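Q: Using only what follows, build the 3D model:
(2 chains)
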Amino acid sequence: MSEVRVLHVPQRFDFSQHKTFTEQYSAMLEETLCQKIIMDFSRTEYLDSSALGMMVLLNKKAKAQNIHVSVKGAKDNARDILLIANFEKLFEFE
Amino acid sequence: MPLNPLSGRRFLLVDDDESYHYTIGLRLTQKDATVTSVFSIQEAKTLLMSQPFDLILLDSYLVDGLGAELLEFMLQNKVACPVIMITGDEEQQSMQQYFLLGVSGYLLKPINVELLELVVQRCLDAHLNEQKLQQQNRELEQLLDEQQQEEELARHVYRHLSQSFSDQPDAIQSFMRSSKSFNGDFFVAEQLQNGNTLMILMDAAGHGLASAISVLPAVSTIRAMLHEGTSMQNIVHEINAKLCAEIPEDRFVAMIAIEVNYIQAAISIINAGMPEVLILNENGQVHSCIKSQSLPLGIVERNDFNPYVHTHPLHTNQHLFFYSDGLIEQRGVNGEAFGKSGLTNVIRSLNSTNALLNQVVDAFSCHSTGAQVEDDVSVCSVSLGQLHEMYQGKQASVDGLRTGHMQLVLDFAGDLLAPGNMISVLDDVLNRIKLNTLLRQKAFTVFSELINNALDHGVLRLDSSLKHDFESFGQYLEERENRLKTLEQNDRIRLTLGFEPEIGQLYFDIEDSGSGYQQVPSEQVEDEALFGRGLNLVHSLCEQIQVFAPGNRTSVLIK
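A: Numbers count the residues shown, from 1 in each chain, chains lettered A, B, ... in the order given. I've put the predicted structure just below:
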């Protein structure tokens, strides 16, 4: 089984995604072999501050289990929002 | 065994034909119901006013009147009990009239008891459901009312906590629009004791009550620290620590903090997760953009939080413009965002910065008319020229000449060695003797610098090189907090403050119990290189500075 999990971020990433997003990453964190989660923003056009909050929480939980979280494929508006919040200081941008 | 829905039910049968009393009474009592029989309208009225029933079976023609009369009586006296008409009247018009008067069912004589039982059951069920619905409605109304009261209380507390700062001067204009009844954006502008102006704009993640609550710990920290003579960087760090401790992990607060220092003619800006701060020339041209270079507050602990402080010279012909992301992300009726382009268009069309805020707000309102408000929106516009004029005006306005003498000696030791304690005592004294504002503001800056240095580097022996690096400032504060907990009675700071009216000067002497952290010059020092960053500022504000061996005592004259 691979040790890297990819979390596909939806097109519009906001509070309405809270339940789905939390369930998805919680399942990944429960896998004993998981060492890295890649958040794939390839199809994300918009994210809001609640989404950033969900990312912070995922990062804290993952860190506590020594799981590395990275960001991939963020572009245009989504990338701008992540950079305004200086999230490159929290996550590795691939 | 199926439940008997008629068991225990109380029926009132109103009919002047005794045979029906017998047939219906028998059937219902076999089902364990109670049947009360009356033969006239009058008897029925009397009974209805004295005891409750679950269902009434009513004939339309009785000896003393029509069944309709009893229905009207029930309506008038608010007797809420379902009624089934039992009648030989087949006229559709009569049926219509009875239904209009509120009956629940209609049975034709001669009575089929099987059908009667089914209709009675259906009618009781419907009535029960109706009552349940009414009860649920009442509960919902009560819940909504309670929620409204709680919101009202929360709003009152929030308003009180967030708005008891002083009024904003004309030089600082702000516009706020909240998407819900609570606002997660917060703006404060205050003049500090040292005369500097501090402005803080915060935007908590999300909106509504949840984000307004996230802002409150930050507001209380600002209020507690505003008059302590501490640096903006310190305040921002303290807010970060408080938010880390007090709000949930998926919540955070983006912030712009700006301090205008008139004496040093400089502006310091921290942008932590907010859209860029614009510095505009007087013709509206963008001079520079201060981008966010820090994580928002409440995400990482003190040691990892390194907000970058951008410094810019204070030019009185310039203008500051900053806002929360709600402004550029708000969509119009066609779904397009106001965007940076919307803002840039307004700024490009300006001839002067005078009406900047109004023009941006007008363009924004025009764009968002008819669209749903998605996020809290804040816009702030600051005329540095007007702000500077206001500062100078204040210096001129209170210029009391004092002729009396004053000397004050303060000796602080152990856990009372908080710089806020010492600085506020000194400031309070100068305030009470109504010293002129400029001298008092200069003195406040000097006190803050010297007291903080004496405590940090003298008593606590902290390495000042950590303090001058954004990356390690958090570590510095953490270490400081740890050492403050270990203070003992022989850790002390002694302050002497005197006013010399003949020369209009303040004399200030500070001595700490440390082993000496300042270099002691052989003679009176004029070389600024010997002083640290804070001491340079002290040097520029004082007529004379003397450092005594081994570097733990400093005397200054402030004029």
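Q: Check which residues of the helix or strand hosting B:Pro217 are buried.
A: Using DSSP states H and E, B:Pro217 sits within helix B:209-225. Within helix B:209-225, the residues that qualify as buried are B:209-219, B:221-222, B:225, counting by 16 or more other C-beta atoms under 10 Å in any protein chain shown. Backbone N, C-alpha and C define where each C-beta goes, glycine included.
Q: got the residues you listed as TSV, with distance to B:Leu438 and pLDDT columns?
A: Shown next, in TSV, are the buried residues of helix B:209-225 (distance: C-beta to C-beta, whole Å; pLDDT from 0 to 100):
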residue	distance to B:Leu438	pLDDT
B:Leu209	44	79
B:Ala210	45	79
B:Ser211	40	83
B:Ala212	39	83
B:Ile213	41	84
B:Ser214	39	86
B:Val215	34	87
B:Leu216	35	86
B:Pro217	35	88
B:Ala218	31	90
B:Val219	30	88
B:Thr221	29	90
B:Ile222	25	90
B:Met225	24	87
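Q: out of those residues, who's nearest chain A?
A: Ranked by distance to chain A (C-beta to the nearest C-beta), the buried residues of helix B:209-225 are led by B:Ser211 at 8.2 Å.
Q: Count the neighbours of B:Asp167 for me.
A: 6 (other C-beta atoms under 10 Å in any protein chain shown).
Q: quick one on the thing from earlier: which secondary structure elements does the helix holding B:Pro217 sit against?
A: When contacts are defined as 3 or more C-beta pairs under 8 Å, 6 or more residues apart in numbering or on different chains; DSSP states H and E, helix B:209-225 sits against helix B:113-163, strand B:185-191, strand B:197-204, helix B:232-246, strand B:253-261.
Q: which residues are contacting it?
A: Helix B:209-225 is contacted from outside by B:151, B:154, B:158, B:161-162, B:164-165, B:180-186, B:188, B:200, B:202, B:204-206, B:234-235, B:238-239, B:242-243, B:246-247, B:251-253, B:255, B:297-298, B:376, B:420, using C-beta atoms under 8 Å, 6 or more residues apart in numbering or on different chains.
Q: Buried members of those residues into ChimeraX, please.
A: In ChimeraX syntax, the buried subset of the contacts of helix B:209-225 is picked out as below (16+ other C-beta under 10 Å):
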select /B:158,162,182,183,184,185,186,188,200,202,204,205,206,234,235,238,239,242,243,246,247,251,252,253,255,297,298,376
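Q: Intersect the contacts of helix B:209-225 with the contacts of chain A.
A: For chain A, the contacts drawn from the contacts of helix B:209-225 by C-beta under 8 Å from any C-beta of the partner chain are B:204-206, B:251-252.
Q: Same list, those, but as TSV with pLDDT please.
A: Output for those, formatted as TSV (pLDDT from 0 to 100):
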residue	pLDDT
B:Ala204	90
B:Ala205	86
B:Gly206	77
B:Arg251	89
B:Phe252	92
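Q: which one of those is nearest chain A?
A: B:Ala205 (3.8 Å).
Q: any idea how far B:Pro307 is from that closest one?
A: Per C-beta to C-beta, to the nearest Å, B:Ala205 is found 17 Å from B:Pro307.
Q: and the helix holding B:Pro217, how far out from the chain's middle?
A: 7 Å (C-alpha atoms, centre = their mean, to the nearest Å).
Q: With stretch B:236-253 instead?
A: Centre-to-centre, stretch B:236-253 and its host chain are 14 Å apart (C-alpha atoms, centre = their mean).
Q: before we move on, the earlier item: among the ones next to chain A among the contacts of helix B:209-225, which two are most distant?
A: Spanning the widest gap among those are B:Gly206 and B:Phe252, at 9.8 Å by C-beta to C-beta.
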